[in-house]
Every structure is written in C-alpha cells, then in structure tokens.
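**Q** 3D, please:
(one chain, ligands or ions: 1)
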Amino acid sequence: MIRLIDVSKSFDGYEALKHVSLTIADGETLAIIGGSGSGKSTLLRLLIGLIKPTSGEIYIGDQEIGHMTEQELKPIRLHMGMVFQYSALFDSMTVGDNVAFGLREHTDLSEARIAEIVREKLHLVGLDGVEDLMPSELSGGMKKRVSLARAIAIEPSIIFYDEPSSGLDPIMTEKIDELIIHTQRALHVTSVVVTHDMASACRIADRIAMIYEGELIAVDTAERFQRLKDPRVQAFFHTLRTTKEVCP
Ligand SMILES: Nc1ncnc2c1ncn2[C@@H]1O[C@H](COP(=O)(O)OP(=O)(O)OP(=O)(O)O)[C@@H](O)[C@H]1O
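**A** Numbering: from 1, shown residues only. Predicted structure coming up:
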C-alpha cells in the first residue's frame, strides 16, 4: 500500500503541493490528472523519493520514505519500476543492455539468466528479437515499450509512469494503455500513472485523482469522476473540448 498523509511541498516558498492525503491499494492502478503546473510530477517525484516533502509523511508499505537518505531508499527503489515521459533509454546501449541494466546493477544473476529475462520481458511488451537494435532505430512507441520492459525486468511491486503516451498517436496511445493494463494483470503490480489524457485515464485506472493548483480535489472511479459537480473538475472536462462523456 502507498499512503500519503497531509503531504505538502514548497519550492522557495511556492507551495506546489498542499496537504495531500491519499491511499493507493496494492494492485490498484491510479491515474493522476491535472492541468500543466498543477503538481502531478511533484507528487510522482515525492513517491519515488527523488524529492523530500516539506511536511507530511509518505509510506511505501510500512516504511516512511519521506525522510530517508539516498542509502536507505536504495532497497525500496528496487521494488519500483519507472517509465519516464521520453523513455529515457541509454542511447549508447543496445535495447537488450537497456533492459538488462537494472538486473546487472542490482542482482548477481548470470548473463545467461539475464538474457533469458530480457527476452521474456521484451516478449511481454510485444517486442521479440530486438535485443541487438539501438534505441535510435526504434519508433517512439517501441521506445516506450522497451522502457516498460526495462522497468518490469526487476520485477517491481510498483510501477510509476510519467506521461507514458505523450508524443504518441492515438492508436499507439491505446496500445500503451493496453500494455499498462496487461502488465498490471500479469504481474499484479500497483501502478501510478501521471497523464494529461483523460480518455487514457478512463481506460487504465481503477481510480482517478485530480490535482488542481497543488490540491488533491477529487479521487474517484472513472465512472463517478466525470459526474462530479466540482466546477474545477467540470472545467477540466470542458478544456478537453468534449461535450459528451469521455469515459465509456
Ligand atoms: N524544482 C523546482 N523548483 C521550483 N519550482 C518547481 C520545481 N518543481 C516544480 N516546481 C513548480 O511547482 C509547480 C508544479 O509543477 P509540476 O511539475 O509538479 O506540475 P505538473 O502538473 O507535473 O505540470 P506539467 O503537466 O506541465 O508537467 C509548478 O509551478 C512548477 O513551476
């Protein structure tokens, strides 16, 4: 379980997140939505332990990570997979080496076993036989898939996705969404997905959390979310220029 208790984060006096309390259950997929600059990435960075809260507590399981040192965070990060906005692959390494990276860094597995896991994870994301390609030879969608294969290679219990479908066309966006759902089902991971894309959030998430000017203003199932009367939620839907419901 992931739990934030009254978490605030300020940067030089500017409150980017204000008194956020939120619980994410094991195996749940939570989408975090909100406009530009609302605080979504700040929340994600806090959950990964990349930045510290100004006040409040953040629990991953029963461990409070908000005040841990980098050294203390290391074993916890071993259970976290991260899929970044621009894939963040190492350009000078082959696809296979990219996926193997975490395994070589953090385990004593033999090269033969690592090769097997790399093959297996690439297969899971629908990419077979691409180990020897370089990232520059891949399309944007393939890069995202490799990035996901790298994240799941270490068998994490939580996967954080930062705008996984940004820069992709609608068809590839749907494919990535399907992959997020498939990964959750195959590995029973907890998933936290920051996205701008409401349709995507509806497809993948058990619940949607909306951040507005640093405040968590709504957390609900996709179905109930769009019926919320809060004008800030309504306004967000309005800015999507949709007159009908975006969730099926
Ligand atoms: N390291 C930092 N130093 C100063 N201000 C920051 C820092 N990180 C974030 N902020 C500010 O905090 C606010 C929230 O930023 P954040 O990146 O979390 O928004 P976001 O919702 O992820 O936006 P976007 O969708 O545009 O990526 C913004 O006003 C931003 O300028």
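
**Q** near the ligand, which residues of the chain?
**A** With C-beta under 6 Å from any ligand atom as the criterion, the chain meets the ligand at residues Phe11, Tyr14, Ala16, Gly34, Ser36, Gly37, Ser38, Gly39, Lys40, Ser41, Thr42. No exception for glycine: its C-beta is placed from N, CA and C like everyone else's.

**Q** looking at the residues you listed, which is nearest Met93?
**A** Ser41 (25.7 Å; C-beta to C-beta).

**Q** A strand includes the closest one, no?
**A** No: under DSSP: H, G, I helix; E, B strand; the rest coil, Ser41 sits outside any strand and is assigned helix.

**Q** what sits against it?
**A** Asp162, Val194 (C-beta atoms under 8 Å, 6 or more residues apart in numbering).

**Q** quick one: Ser166 from Thr69, how far?
**A** 32 Å (C-beta to C-beta, to the nearest Å).

**Q** more neighbours, those two?
**A** Ser166 (15 against 8; other C-beta atoms under 10 Å).

**Q** hang on, isn't that one packed against His196?
**A** Yes: between Ser166 and His196 there is a contact under C-beta atoms under 8 Å: 7.2 Å.

**Q** would you format the residues of the chain next to the ligand as JSON lines with distance to Gln234 included?
**A** Below are the residues of the chain next to the ligand laid out as JSON lines (distance: C-beta to C-beta, whole Å):
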{"residue": "Phe11", "distance to Gln234": "29"}
{"residue": "Tyr14", "distance to Gln234": "27"}
{"residue": "Ala16", "distance to Gln234": "24"}
{"residue": "Gly34", "distance to Gln234": "14"}
{"residue": "Ser36", "distance to Gln234": "18"}
{"residue": "Gly37", "distance to Gln234": "20"}
{"residue": "Ser38", "distance to Gln234": "16"}
{"residue": "Gly39", "distance to Gln234": "20"}
{"residue": "Lys40", "distance to Gln234": "19"}
{"residue": "Ser41", "distance to Gln234": "24"}
{"residue": "Thr42", "distance to Gln234": "24"}
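
**Q** narrow those to those that are buried.
**A** Ala16, Gly34, Ser38, Gly39, Lys40, Ser41, Thr42 (16 or more other C-beta atoms under 10 Å).

**Q** who are the contact partners of the fourth one?
**A** By C-beta under 8 Å, 6+ apart, the contact set of Gly39 is Lys9, Ala16, Leu17, Ile211, Glu213, Gly214.

**Q** residues near the fifth one, how many?
**A** Around Glu213 there are 15 other residues, counting by other C-beta under 10 Å.
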